[in-house]
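Asks: quick one: sequence and predicted model below, then my questions.
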Amino acid sequence: MSERSVTPTGGAQPGVGADAERRAGISVRAGPTLMKSVSIFLTSGRKASAKRQIPAASGKGESSRRRRRKRMPEGGGARNSAYIVKVIESLKKKTRFSRVELDNLCKLYKKLTTNSGQQQVGSIGRRPQSRPAVEKIDRTIFRELLHNTFHVITEDILVERLFCCWDREIEGAIRLEPWIMGLDVFLRGSLRDKISFCFHVYDLNNDGYITKDEIFQLLKNCLIKQPGEEDPDEGVKDLSELALKKLDVDHDGKISFRDYEMAVKEEPLLLEAFGQCLPTEESCAAFLATLQS
């Protein structure tokens, strides 16, 4: 194999990450602005929750709250308080989040989708009332969350696969409940949960196996190609072959979930062997601290 520079697929590389962001057309200003508004929102949300626990001192206060509720956008299921209560009760049994954390996540979801609708309207210069706010997390919001909140800087193919794994209803957008279920794996998932999640991300055609061709697609941008090479993909093919041999425990020419699970349990560093699809520990700790404090 000719001389090449190999970049670890599990981490964020400056060149690859920057190139992925340029291809996605991410706004450098919009991302941090959105995340800043999320942080401010969570803080204000906690203050509002504390205030709601204090009985209303007068009818005027109650009237003011009613007026604020009336100004809230109508329509989406995630905006219906009865629906939110039902979702929180359901997710309390399915996830490792506390009731307070779930309440904050629901508010965050609403803030993200509302902000998205406003930003999209502003970007084309129309008046806010000309287009309703987005009621689900679309690919743009999802990508910004991955990059700016969880520091997942990865290839476009993996960003799309991550989105598809969260979009359980295959609607092209992520509803409230699947979003929180995905965050449960991201933030508090066990090793088994993360193994299952990563395997499904890497299984590009959802057939239950990771094949050599899929490995090639996942790794094809991890090597720096030298100019003038006769076959620039030769090194990627060799790397794909090595990866297959390492994880194909039963030697049948493809990686089943059992193969992948056994290999990762023996060597945990293989969990993200084909590219980063989980957040950094630091970003997880920071996000959870924001939800809990």
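Replies: The structure has been received and is ready for your questions. In this text the structure is predicted, and so the values were computed from the model without any measurement.
Asks: what's Leu105 in contact with, if anything?
Replies: Contacts for Leu105 (C-beta atoms under 8 Å, 6 or more residues apart in numbering) come out as 97, 179-180, 183, 291. For every residue, glycine as well, the C-beta is placed using N, CA and C.
Asks: widest-spaced pair of these?
Replies: Farthest apart among those by C-beta to C-beta are Trp179 and Leu291. That separation is 13.8 Å.
Asks: let's see which of the contacts of Leu105 end up in helices.
Replies: Secondary structure assignment by DSSP state H places 179-180, 183, 291 of these in helices.
Asks: re the thing from before, Trp179 and Leu291 - which one has more neighbours?
Replies: Trp179 (26 against 19; other C-beta atoms under 10 Å).
Asks: can I get the ones in helices among the contacts of Leu105 in a markdown table including pLDDT and distance to Glu261?
Replies: Converted to a markdown table, these look like this (pLDDT from 0 to 100; distance: C-beta to C-beta, whole Å):
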| residue | pLDDT | distance to Glu261 |
| --- | --- | --- |
| Trp179 | 95 | 26 |
| Ile180 | 96 | 25 |
| Leu183 | 97 | 23 |
| Leu291 | 90 | 30 |
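Asks: for Lys136, state which of these is nearest.
Replies: When these are compared against Lys136 (criterion: C-beta to C-beta), the nearest one is Trp179, at 8.5 Å.
Asks: who's in contact with that closest one?
Replies: Contacts of Trp179 by C-beta under 8 Å, 6+ apart are 105, 109, 137, 166.
Asks: same thing but 10 Å
Replies: Applying C-beta atoms under 10 Å, 6 or more residues apart in numbering to Trp179 gives the contacts 78, 105-106, 108-109, 112-113, 136-137, 141-142, 145, 166-168, 173.
Asks: and those residues, which are buried?
Replies: Among those, those buried by neighbour count (16 or more other C-beta atoms under 10 Å) are 78, 105-106, 108-109, 112-113, 136-137, 141-142, 145, 166-167, 173.
Asks: show me the helices in the stretch 101-250 of the chain, by range?
Replies: 139-144, 156-166, 176-188, 191-202, 212-219, 234-247 (DSSP state H, counting those that start in this stretch).
Asks: mean confidence for the shortest one?
Replies: Mean pLDDT, taken over the full extent of helix 139-144, equals 94.
Asks: which residues of this structure score low on pLDDT?
Replies: 1-80, 115-134, 229-230, 293 (pLDDT under 70).
Asks: where do the domain boundaries of it fall?
Replies: 84-117+134-188+278-292, 190-275 (the TED database).
Asks: looking at these, which is buried most?
Replies: Neighbour counts (mean count of other C-beta atoms under 10 Å) averaged over each of those peak at domain 84-117+134-188+278-292, with a mean of 18.
Asks: can you give me the end-to-end distance of that domain?
Replies: End-to-end distance for domain 84-117+134-188+278-292: 19 Å, by C-alpha to C-alpha, to the nearest Å.
Asks: now swap in stretch 143-163 and tell me
Replies: 8 Å.
Asks: now for the helix or strand hosting Leu91, which elements pack on it?
Replies: Assigned by DSSP states H and E, Leu91 falls within helix 81-94. Where contact means 3 or more C-beta pairs under 10 Å, 6 or more residues apart in numbering; DSSP states H and E, helix 81-94 is packed against helix 99-123, helix 176-188.
Asks: cool, thanks, talk later.
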